[in-house]
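Novice: Sharing a sequence plus its predicted fold:
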Amino acid sequence: MSLPVLRPGAAVEKRRSQRILLTVPIFVSGIRMNNAPFTEHTTTVAVNAHGALIRLREAVTVGQLVKVTNIGIEEEVVCTVDVDSGEPDEPMVGIEFAQPNARFWRVSFPPLDWNLRSPEAKQVTKSSLAADKPQLAKKQFPRSDAER
């Protein structure tokens, strides 16, 4: 799977919220061009406070309205398709919430100016890795007769 590549300075200024790579199970429903309804069980690839990048095999068009249900919380929002990957092997589309709903994914998004160099970013060092690793107690086994 490949995510869209951003050129430095291209769409970065237009980003309204940080993306988070997060797989959320969802239902996507809408109306096909022939007026037949569809519903697809799928997942997100990345989420942000204004929408998501989702896997979607159903053919949709940019500007089409779809309903997205977050299965975990059984909440539904109306979204607009705003990007179609056009990749037949791994079709993905970008969706945008029709109404702002930063809490829909139930995650806290970092501020726009956050990056790995921000003072709030956790610094990974050998000592912090050792501190985060659970310590396992060494189990004492009775010695065999041969070792006694």
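Specialist: Here it is on my side, so go on.

Novice: contacts, neighbours, all on C-alpha from now
Specialist: Fine.

Novice: What is the burial count for Ala46?
Specialist: 19 (other C-alpha atoms under 10 Å).

Novice: Does it lie in a helix or a strand, and which?
Specialist: Using DSSP states H and E, the element containing Ala46 is strand 37-48.

Novice: Buried residues in that strand, which are they?
Specialist: Of all the residues in strand 37-48, those buried under the rule 16 or more other C-alpha atoms under 10 Å are Thr42, Thr43, Thr44, Val45, Ala46, Val47, Asn48.

Novice: show me where the chain has helices.
Specialist: Ranges of helices within the chain are 126-132, based on DSSP state H.

Novice: Test my guess that Thr23 contacts Ala52.
Specialist: No - contact criterion C-alpha atoms under 8 Å: Thr23 and Ala52 do not qualify, at 10.3 Å.

Novice: what residue ranges in this structure score low on pLDDT?
Specialist: Where the chain drops to pLDDT under 70, the residues are 1-15, 112-148.

Novice: which residue ranges form the strands in the protein?
Specialist: Shown for the chain, the strands assigned by DSSP state E span residues 20-21, 25-31, 37-48, 51-55, 65-70, 75-84, 92-97.

Novice: Could you list every helix and strand in contact with the second one?
Specialist: If contacts are counted by 3 or more C-alpha pairs under 8 Å, 6 or more residues apart in numbering; DSSP states H and E, strand 25-31 sits against strand 37-48, strand 65-70.

Novice: Pairing partners for the last one, with directions?
Specialist: Note on strand 65-70: by DSSP bridges, its sheet partners are strand 25-31 (antiparallel), strand 75-84 (antiparallel).

Novice: Perfect, I'm done here.
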